[in-house]
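Chemist: Attaching a predicted model along with its sequence, questions to come.
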Amino acid sequence: MFDEKDCRFAATHEWACVADGVATVGISDHAQKEISDIVFVELPKPGARVEQGKACAVIESVKAAADFFAPVSGAVVEVNDAIVDNPALVNQAPHGDGWFFKIKMAKPAEMDVLMDFEAYQRSASH
């Protein structure tokens, strides 16, 4: 479980929590509520390079499909196969078992442009 207060957030509702240069990423609780019932998640393959702000995964709900944008740049080192098999985990625990993948960060300073939890809460409520 990742405490959302320890995570950083993109304006596009992705979160990143970092430990030892590796960012675990997912979508915010606010975003999963907006997206509604998630029925499909397509993740990048391990080893794929992702770039901050660029689409790298797809989320589909009963309402629509949405891109997932990488909150930081780097190489994907692990994916959460559990959400591929059971996409509802993203709705049930977006900061827990519903994480998306892990990125070995290429540019740790990119975390500085992401919002802290309080700033994200203010931006998401508008």
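Modeler: Structure's in. What do you need?
Chemist: which residue ranges form the helices in the chain?
Modeler: Taking DSSP state H, the helices of the chain run over residues 29-35, 81-85, 88-92, 117-124.
Chemist: if we look at the second one, which residues are touching it?
Modeler: Pointing back at helix 81-85 there. Val41, Glu42, Leu43, Leu89, Val90, Asp97, Gly98, Trp99, Phe100 (CB atoms under 8 Å, 6 or more residues apart in numbering). Quick note: C-beta positions are derived from backbone N, CA and C, even for glycine.
Chemist: Could you rerun that using 6 Å?
Modeler: Under the contact criterion CB atoms under 6 Å, 6 or more residues apart in numbering, helix 81-85 has outside partners Val41, Leu89, Val90, Gly98.
Chemist: Correct me if wrong: the third one contacts Gly96.
Modeler: Right, the one you point to is Val90. No. Assessed by CB atoms under 6 Å, Val90 is found out of contact with Gly96, at 10.0 Å.
Chemist: hang on, the earlier thing: for the helices of the chain, give me CSV that also has mean pLDDT, distance to Cys56 and mean neighbour count.
Modeler: Below are the helices of the chain laid out as CSV (pLDDT from 0 to 100; distance: least, CB to CB, whole Å; neighbours: other CB atoms under 10 Å):
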stretch, mean pLDDT, distance to Cys56, mean neighbour count
helix 29-35, 93, 15, 17
helix 81-85, 97, 15, 14
helix 88-92, 97, 16, 17
helix 117-124, 93, 20, 14
